[in-house]
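[1] The sequence isn't on hand, but the structure is:
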């Protein structure tokens, strides 16, 4: 604290650098998910898969949830696994909606979330599926 | 040990159809609001807002409705009110809209606001009066409205912890 009335303190020069602290991290989160359909029926196409994700959000979180920007980046029909991208503020809504989804066209189903990360590169390797010789 | 914090939302039913007034009853309004919350915020929002949700006060003549919900979820309730489109009662439905007038922490603050609001509405009606008889009636009502100070009842009031 500067004592009042002191006229001899030199002026502090303006800072030459700027430090930014980002606590919120990336703006998108990526999830690798797999849809389990235990009955061996017809597999959904990529459009039907996205429709399923959006309808799960609509059931649990209403129109506000269904309007969440969710993208299906990749989809493999054979294994029913996909990589989803969602805005970071909507991660909790999306994950909870996928967890509580029970039915696809009156068939029992379940979503398994295999990996999640704010960086897409982190989804390329999965140490859980590593096979050690 | 911690008191349950609630928010009271004061709104007004606005309708072009004068028959809508007969639908303004607590069950019909409560159902319409909960249906709107369910559509906009889904099962999660409906469940959150339904904890201690109730229609606390209704006035069919002025269309004033006082809703109550938990303080943590009042934003879900307020954001769903514009999506109420119709009131249904006794197998009749009429289109309407809900205008939010005030959000308060206690019933008393909403009551104070409502009295001032009604007084302003009466003044506006006075300006738009067409004949002398109506004018005298309204002037009499204006001069007689006031807030009577009652002894505060325990369990009725909570601390007003400020609105964000």
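    Ah, there it is. In this text, all values refer to a predicted model and were calculated from it rather than measured experimentally.
[2] Against chain A, how distant is residue B:26?
    When distance is defined by C-beta to the nearest C-beta, to the nearest Å, residue B:26 is 24 Å away from chain A. For every residue, glycine as well, the C-beta is placed using N, CA and C.
[3] burial count for residue 36?
    Going with chain A. Burial of residue A:36, expressed as a neighbour count using other C-beta atoms under 10 Å in any protein chain shown, amounts to 10.
[4] meant chain B actually
    The number of residues packed near residue B:36 is 21, by other C-beta under 10 Å.
[5] Nearest residue to the closest residue to chain A within chain B in space, ignoring adjacent ones along the chain?
    When C-beta to the nearest C-beta is the measure, chain B has its nearest residue to chain A at residue B:42, with 3.5 Å between them. If the residues on either side of it in the chain are set aside, residue B:42 comes closest to residue A:62, at 3.5 Å by C-beta to C-beta, 6 or more residues apart in numbering or on different chains.
[6] mind listing what's buried in the strand or helix carrying the one you found?
    Assigned by DSSP states H and E, residue A:62 belongs to helix A:46-66. For helix A:46-66, a neighbour-count test (16 or more other C-beta atoms under 10 Å in any protein chain shown) marks A:49-50, A:52-54, A:56-62, A:64-66 as buried.
[7] pLDDT averaged over that helix - what is it?
    Model confidence over helix A:46-66, given as mean pLDDT, is 96.
[8] With stretch B:37-56 instead?
    94.
[9] Measure how far it is from the centre of its chain, please.
    16 Å (C-alpha atoms, centre = their mean, to the nearest Å).
[10] Can you mark which positions in stretch A:26-36 are buried?
    The neighbour-count check on stretch A:26-36 (16+ other C-beta under 10 Å) flags A:28, A:29, A:30, A:31, A:32, A:33, A:35 as buried.
[11] Need the residue closest to the centroid of the chain.
    In the absence of a named chain, this looks at chain A. Closest to where the C-alpha atoms of chain A average out (C-alpha atoms, centre = their mean) is residue A:29, at 3.4 Å.
[12] that answer is for a different chain, and I need it for chain B
    residue B:65 (2.5 Å).
[13] Correct me if wrong: that residue contacts residue B:24.
    Yes - in terms of C-beta atoms under 8 Å, residue B:65 counts as a neighbour of residue B:24; the distance is 7.4 Å.
[14] List the buried residues in the host helix or strand of residue B:137.
    Residue B:137 belongs to helix B:132-144 when elements are defined using DSSP H and E. If you call a residue buried by 16+ other C-beta under 10 Å, then helix B:132-144 has these buried ones: residue B:138.
[15] How about stretch A:87-95?
    Those would be A:90, A:91, A:93, A:94, A:95, for stretch A:87-95 by 16+ other C-beta under 10 Å.
[16] neighbouring contacts of it?
    When contacts are defined by C-beta atoms under 8 Å, 6 or more residues apart in numbering or on different chains, stretch A:87-95 is touched by residues A:24-29, A:31, A:53, A:57, A:60-61, A:65, A:68-70, A:84, A:86, A:113, A:116, A:118.
[17] what do residue B:65 and residue B:24 both touch?
    Contacts common to residue B:65 and residue B:24, judged by C-beta under 8 Å, 6+ apart, are B:13, B:58.
[18] The residue in chain A that chain B sits nearest to and residue B:105: what is the separation?
    In chain A, the residue found nearest to chain B is residue A:62; the distance is 3.5 Å by C-beta to the nearest C-beta. Using C-beta to C-beta, to the nearest Å, we find residue A:62 at a distance of 26 Å from residue B:105.
[19] Longest helix in chain B, please.
    Determined from DSSP state H, the single longest helix within chain B is helix B:26-50.
[20] Report all helices and strands that that one contacts.
    On a contact count with 3 or more C-beta pairs under 8 Å, 6 or more residues apart in numbering or on different chains; DSSP states H and E, helix B:26-50 meets helix A:46-66, strand B:54-59, strand B:64-70, helix B:74-80, strand B:86-89.
[21] mind listing what's buried in that helix?
    B:28-30, B:32-46, B:48-50.
[22] And for stretch A:111-130?
    Going by 16+ other C-beta under 10 Å, stretch A:111-130 has these buried residues: A:111, A:115, A:116, A:123.
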